[in-house]
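Asks: Fold the following.
(chains A and B)
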There are 2 protein chains.
Amino acid sequence: MKEYNDYSVPGFLASAVSAGLKKTGQLDLSLIFSQRESVGAGVFTANKVKAAPVLLSQERIKKGPLRAILANTGYANACTGVQGLNNAIQAADMVATGLGIHPEETVVASTGVIGAHLPFNLIKRAIPNLIKSLSPRGFRSVAEALMTTDSFPKMSYFEGCAGGHRFHLLGLAKGAGMIMPNMATMLSFLLTDLHVDSQTLWPLFRSAVDYTFNRITVDGETSTNDMVLIMANGAAGNGKLDSSGLKEFERGLTDVMGELAYLIAKDGEGATKVVIIEVDGAATRGDANKAARVVANSNLVKTAIFGQDPNWGRIMAALGRSGILIEENKVQIWINGVRIVNGGLMTSEKKEREAAEKMKKEQITISIHLNQGRWKDRIITCDLTYEYIRINAGYRT
Amino acid sequence: MKEYNDYSVPGFLASAVSAGLKKTGQLDLSLIFSQRESVGAGVFTANKVKAAPVLLSQERIKKGPLRAILANTGYANACTGVQGLNNAIQAADMVATGLGIHPEETVVASTGVIGAHLPFNLIKRAIPNLIKSLSPRGFRSVAEALMTTDSFPKMSYFEGCAGGHRFHLLGLAKGAGMIMPNMATMLSFLLTDLHVDSQTLWPLFRSAVDYTFNRITVDGETSTNDMVLIMANGAAGNGKLDSSGLKEFERGLTDVMGELAYLIAKDGEGATKVVIIEVDGAATRGDANKAARVVANSNLVKTAIFGQDPNWGRIMAALGRSGILIEENKVQIWINGVRIVNGGLMTSEKKEREAAEKMKKEQITISIHLNQGRWKDRIITCDLTYEYIRINAGYRT
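Replies: Model prediction:
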């Protein structure tokens, strides 16, 4: 298996520097650059309060090709008005000039505290060095530079074959709070050397985001800054993708984004456990999603998981308040494979003890069967802990 | 000012005992009894998973008069199926027999762990003693017996005048988690010696509940067991209420339930601060409520308040994801009277420091003006703390 450090995708360069945005002196400004023309697509936060980098990047990526992504941590550049938008545009301009590309091919992504202005001088001073450091092996440092309250860098890699051509797909992401995509405070960048045209790329990408990043939640919060971007630069040399090539690409997208989404949930702020909420037997597609989401966002379910308590009553209560079609006496619940609830009642104290034992594991799967219909869904989340409080009660201090 | 211990309402008796339902030996079973015929009304949880006592009491209270309320803590008697319902019925029957009233005039209320069966023998053994201890001065002990994770008993009292007759209204309540009424795990009982007919009582009561108990949230959770009950026994001797009498009664209801609701939010599990979220200028009535509710339930807003951090960006982010009509550049936010946001931007660092100073207080009012229309609403909540995690990660152990 490849080490993180070895991940690369033909035709892409990357770099990261410490521009002084993080007080700790860690990497905080990063750049990804495609040496070739490249097709881009993006999915952006559903929050109506959108950060300046979201407004700018969303507009640019709709229009045409994408060659460069500049990302900073420490400052969200959200709720910063005209000056914030100006800062985002100027940063992109500097990068474009330095790389000799068109400003419209350059987008920016930010994450950090809302409401404060970007220390633009620090960014300006760091950009030349950032461009000079670009390298095919720079992706690990980008993943590090994206980290805020993340405890580890998040990368995922896929190699596939399409139309007889080997291709690569690399994904980078950050979590770790304000996570309920649609999107969450998450940034993710995907890079592939596959040739895909824009009309093909957008729907595939949107659908893969929906099944991966939009199926996680840390705290039910949706950030002002989320974005997932993809660049496809065609260095693999393939022609138009046939259906098997498309399938392979789709598999790659789902694999890479699925792994990144899982890692984000696992690394949720303060999390000690990653939790998979599976709902089956819902009356409608919407019910399946809502049931899984409400259980996944229940503070009482999440604290019980932290306490390793198979407190199924809280799961029942969450389902009951979710607004879905439910008949209490038809509900079944399994915790890591142990059927703890049948017909809405506890199966036995022995099963409860078994479930309690299983809850010591690091990954908890709660499977719920509603027995109302044929729809299912799945949301990945994490537990709610003291550490979440510590991180978020003291974030800005 | 009267002491809690002195609160009484003509024609009502109350008592509480320790039946052994709480391991600590504290009071855990209580009874309220009207010596006279009495009119009742009730509002019950909106959760579709309803505890046995909710199912039973909801049915009985619709039918006719109400004379006695038996309440226990320790066991919710929820998700307990037919046996749970049977236990609730039998407990009510025993009380009715002991008091010489009709079983249909007797309701039960429970709060505690979901899914476990009531230790019916303990309850059965305690009921005779409970009836023997009934006293006009027993209400303080009922308020104590209702406590679970509450840190203090909750009572509120009102004396008014209607049609030349002095009347009394006493309210008792418990909080303190799974609180987002509609209802929350809250029980509340109101007792008045006013004569009010059933057709008058129900709508007044429902509307007062909606403006008080349904305007608080601790953790966005709605319990399986919530109920608010009122008994009006006519001992005051008034005739049919005229409009000024109705107004006075309405004021009493809103005062008493408003105070109890405030106390529940203040005593939210682990809370160090009570938080009032005021929204004004919303485009619709629904938007005003939703905006206040989403901000009040935001874990990130609540942890920031615990950290005494005037992190207005999180308020903006919560508003943005709430689904309401919002224009970022029209939003104004005040924290305890300090205008920290104007036109969607921070007013000044000086104001932020001022707001930070104000956040050291125990009561935090966040006022939001959306400048979209004329609707307003208000939700009372509390902060999210280490102690909430401690309580809920270890509740059953």
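Asks: Just want the phi and psi numbers for the nearest residue to A:S57 once chain neighbours are set aside.
Replies: Closest residue to A:S57 in three dimensions, ignoring its sequence neighbours and counting by CB to CB, 6 or more residues apart in numbering or on different chains: A:V107, at 3.8 Å. C-beta here means a position set from N, CA and C on the backbone, and glycine is covered the same way. With angles defined as degrees, to the nearest 10, A:V107 shows backbone torsions of phi -120, psi 160.
Asks: how many neighbours does A:V107 have?
Replies: For A:V107, the neighbour count with other CB atoms under 10 Å in any protein chain shown is 30.
Asks: ok, now how distant is it from chain B?
Replies: Between A:V107 and chain B the distance is 21 Å, computed by CB to the nearest CB, to the nearest Å.
Asks: Which residues does that residue form beta bridges with?
Replies: A:V107 has these beta-bridge partners by DSSP bridges: A:I69.
Asks: nearest residue to the closest residue to chain B within the stretch 1-150 of chain A other than its sequence neighbours?
Replies: Ranking the residues of the stretch 1-150 of chain A by distance to chain B (CB to the nearest CB) places A:I114 first, at 2.5 Å. Sequence neighbours aside, B:G313 is the residue nearest to A:I114 in space, at 2.5 Å (criterion: CB to CB, 6+ apart).
Asks: my guess is the one you found meets A:V113, correct?
Replies: Yes: B:G313 is within contact range of A:V113, at 6.5 Å (criterion: CB atoms under 8 Å).
Asks: Next, show the common contact partners of the two.
Replies: Here B:G313 and A:V113 have A:A76 as joint contacts, going by CB atoms under 8 Å, 6 or more residues apart in numbering or on different chains.
Asks: A:I315 sits in which helix or strand?
Replies: helix A:312-321 (DSSP states H and E).
Asks: Excluding its own residues, what touches that helix? List them.
Replies: Here helix A:312-321 makes contact (CB under 8 Å, 6+ apart) with A:291, A:294-295, A:298, A:300-301, A:304, A:326, A:328, A:331, A:333, A:335, A:340-341, A:344, A:346, A:355, A:366, A:368, A:370, B:46-50, B:76, B:78-79, B:113-115, B:178, B:182, B:221-224.
Asks: Among the residues you listed, name the ones in helices.
Replies: Residues from the contacts of helix A:312-321 lying in helices, with DSSP state H as the criterion: A:291, A:294-295, A:300-301, A:304, A:355.
Asks: Send me stretch A:232-252 as PDB with only the CA atoms.
Replies: This file holds the C-alpha atoms of stretch A:232-252, laid out as PDB (Å, rounded to 0.1, in the frame of the first residue of the first chain):
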ATOM      1  CA  ALA A 232     -10.100  16.400 -14.200                       C
ATOM      2  CA  ASN A 233      -7.100  17.200 -16.400                       C
ATOM      3  CA  GLY A 234      -7.100  14.400 -19.000                       C
ATOM      4  CA  ALA A 235      -3.500  13.500 -18.500                       C
ATOM      5  CA  ALA A 236      -4.400   9.800 -18.600                       C
ATOM      6  CA  GLY A 237      -5.000  10.200 -22.400                       C
ATOM      7  CA  ASN A 238      -8.300   8.400 -22.600                       C
ATOM      8  CA  GLY A 239     -11.000   9.300 -25.100                       C
ATOM      9  CA  LYS A 240     -14.700   9.800 -24.400                       C
ATOM     10  CA  LEU A 241     -15.700   7.500 -21.600                       C
ATOM     11  CA  ASP A 242     -17.900   4.500 -22.500                       C
ATOM     12  CA  SER A 243     -20.300   3.100 -20.000                       C
ATOM     13  CA  SER A 244     -17.800   0.800 -18.300                       C
ATOM     14  CA  GLY A 245     -15.400   3.600 -18.100                       C
ATOM     15  CA  LEU A 246     -18.100   5.800 -16.500                       C
ATOM     16  CA  LYS A 247     -18.900   3.000 -14.000                       C
ATOM     17  CA  GLU A 248     -15.200   2.700 -13.000                       C
ATOM     18  CA  PHE A 249     -15.000   6.500 -12.500                       C
ATOM     19  CA  GLU A 250     -18.200   6.500 -10.500                       C
ATOM     20  CA  ARG A 251     -16.800   3.700  -8.400                       C
ATOM     21  CA  GLY A 252     -13.600   5.700  -7.800                       C
END
